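Peer 1: A predicted structure for the sequence below; I have some questions about it.
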Amino acid sequence: MANRTQQVLKETTIYGLGGAGSKFISFLLFPLYSRVFNITDYGAIEVINTFVFLISILLTSGTDMAQSFFFFEYPQKEERKKTLSTLSIYIFLINILLTVVIWFFSHQISTILLGTDRFAKLLRIASLVIPWMALYTFNLNLLRLERKPIKYISITLPFVAFQIITNIILVLVIHTGLVGIFWTNVISYLLFTILCFVINRSYWEFHFDLSRFKELFHYWSPLFPVGISAWFLSSADRLFLSSLSNLEATGVYAAGLRIASIVGFLVQAFRTANLPFIFEVAKDADADTIYQKTLSYYLYFITLVAVGISLFAKPLILFLSGAEYLSAVAVIPPLTFVYVLSGVSQIISIGAMISKNTRYVGLITASSAIIMGITLILIIPGHQEVGTAYAVLFANLVYNLLLFLNSQKSHPIPYESNRILRISILAAMAIILKYFISANDLGTDVLYSFLILIIFIVCTPLFSLLTIFEIKALQNQIKIFIRNIFGRIKMQK
């Protein structure tokens, strides 16, 4: 367990930094966008980016799994070249086709999603990124499959820096307005996709193998509904909100989502690092104990972060944006726990994954997506961004419950339900307490938030959220991890 903890810490750090390129860039650019553009324009940025991401996976959902499976199914170099080249050509051509469709129907799409066709030009420019974004992600996945974390970081971190610098130049210096944001995306993904192909050049050849494509398609096509439904659960909220309400509400909601994404960044890093170990320890005698503790420890630490973000929502909004976005404070708590649940879903699905009983996962995901869609349609007209946040939280709770029931039937794992309940109740009480206390000024608000967070931490051993023994053991593991990191840095010097 100790060795596994070290490995998870290591890979969570690596992929946490590396994942910043695609997962954290919106948060890093939020202070710039919120100060340069009004709430309506910021809402439009969010809707267009969400729509572009949807289109980028529309006909390629599941190809990442096919890429991973066949990379190891055919380990010979020439066979891997055949797999990767065939799949990359398909991804590029199908996304070019989708880009052309957006160009022809940009006015209609803008009217449906944004209530006006004045954003049609921005949609056309934004669509140019779709083929390059797909190929960039495809190449990063290849580096993960090859276990090359240094190369992975050497691409993703410069990608973040390049996007931020280019945004600042185009938006602040040259004053290109909203157009500059989407040209930045196109330029960034194009350049770094080319860099990825150069780094991975030994795997590419311009050849489309029809027989291999049929194998690939047969593998990923059943996963297609799962991918689309999963996207719907994570991203459709903004499209529904802009269509059923207005761009101002969408801008406020997007601001709250950016703050909550601090939790999402950590969750994504954990999910990426934890997935290989789920299968690695599956046949160990203490596998169920490891899964049990993983859920408890994950839930405690990520809940602590989510509670902290929720308590300090007001100063975070004021610091990163401005007073016009203050209404976003109400959506931050539910959205932080939506991200918490996205990590929980991976852990509670372990039973189904290791027993290969995943046939109901697609149905569960699709059902949860439908529930969310219906709930959003009913709640948005009357409750706008706040109703949207709680509708998404409700749908994700249903999704996790169904995943848990399905997984436990396949391979029961004795999760610590009492400890999980205590963590959840204390977290809810901390957030509710904060919103019952009125603060007249920002300083008092920060003080109250700090005191409530301290109380939550003090309750950790008192209510056995973590025992004293577990706290000391985890502290020791973190110290070892930090010592190893600095030891390697010294050796490299």
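Peer 2: Here it is on my side, so go on.
Peer 1: contacts, neighbours, all on C-alpha from now
Peer 2: Will do.
Peer 1: mind checking the SS state of Ala120?
Peer 2: Secondary structure assignment for Ala120 (DSSP: H, G, I helix; E, B strand; the rest coil): helix.
Peer 1: what is the neighbour count of it?
Peer 2: Using other C-alpha atoms under 10 Å, Ala120 has 20 other residues around it.
Peer 1: what does the one 3 residues further on give?
Peer 2: Other residues within reach of Leu123, judged by other C-alpha under 10 Å, total 26.
Peer 1: need the CA coordinates for stretch 143-159. CSV is fine.
Peer 2: Backbone C-alpha positions of stretch 143-159 (Å, rounded to 0.1, in the frame of the first residue of the first chain) are rendered in CSV as follows:
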residue,chain,number,x,y,z
LEU,A,143,3.0,9.5,-24.9
ARG,A,144,1.1,8.2,-21.9
LEU,A,145,0.9,4.8,-23.5
GLU,A,146,4.7,4.8,-24.0
ARG,A,147,5.2,5.9,-20.4
LYS,A,148,7.0,9.1,-21.3
PRO,A,149,6.0,11.6,-18.7
ILE,A,150,8.9,14.0,-19.2
LYS,A,151,8.1,14.4,-22.9
TYR,A,152,4.4,14.7,-21.9
ILE,A,153,5.2,17.6,-19.6
SER,A,154,7.6,19.1,-22.1
ILE,A,155,4.7,19.6,-24.5
THR,A,156,1.8,20.4,-22.2
LEU,A,157,3.5,23.0,-20.0
PRO,A,158,4.8,25.1,-22.9
PHE,A,159,1.4,24.8,-24.5
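Peer 1: could I get the average pLDDT for that stretch?
Peer 2: For stretch 143-159, mean pLDDT is 82.
Peer 1: please identify the buried residues of that stretch?
Peer 2: Neighbour-count burial for stretch 143-159, counted by 16 or more other C-alpha atoms under 10 Å, picks out Leu143, Pro149, Tyr152, Ile153, Ile155, Thr156, Phe159.
Peer 1: mind checking which of the residues you listed land in strands?
Peer 2: The strands, defined by DSSP state E, take in nothing from these.
Peer 1: chain center to whatever helix or strand Thr50 lives in, what's the gap?
Peer 2: Following DSSP states H and E, one finds Thr50 within helix 39-58. On the basis of C-alpha atoms, centre = their mean, to the nearest Å, helix 39-58 sits 15 Å off its chain's mean C-alpha point.
Peer 1: again with stretch 349-366
Peer 2: The answer for stretch 349-366 is 20 Å, by C-alpha atoms, centre = their mean.
Peer 1: check stretch 233-252 too.
Peer 2: Relative to its parent chain, stretch 233-252 has a centroid offset of 18 Å by C-alpha atoms, centre = their mean.
Peer 1: related to what we said a few turns ago, need the buried residues of stretch 143-159 in CSV (columns: distance to Glu385).
Peer 2: CSV is the format used below for the buried residues of stretch 143-159 (distance: C-alpha to C-alpha, whole Å):
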residue, distance to Glu385
Leu143, 38
Pro149, 38
Tyr152, 36
Ile153, 35
Ile155, 36
Thr156, 32
Phe159, 31
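Peer 1: ok, of the residues you listed, which one's closest to Ser342?
Peer 2: Closest to Ser342 out of the buried residues of stretch 143-159 is Thr156 (22.7 Å), distances taken as C-alpha to C-alpha.
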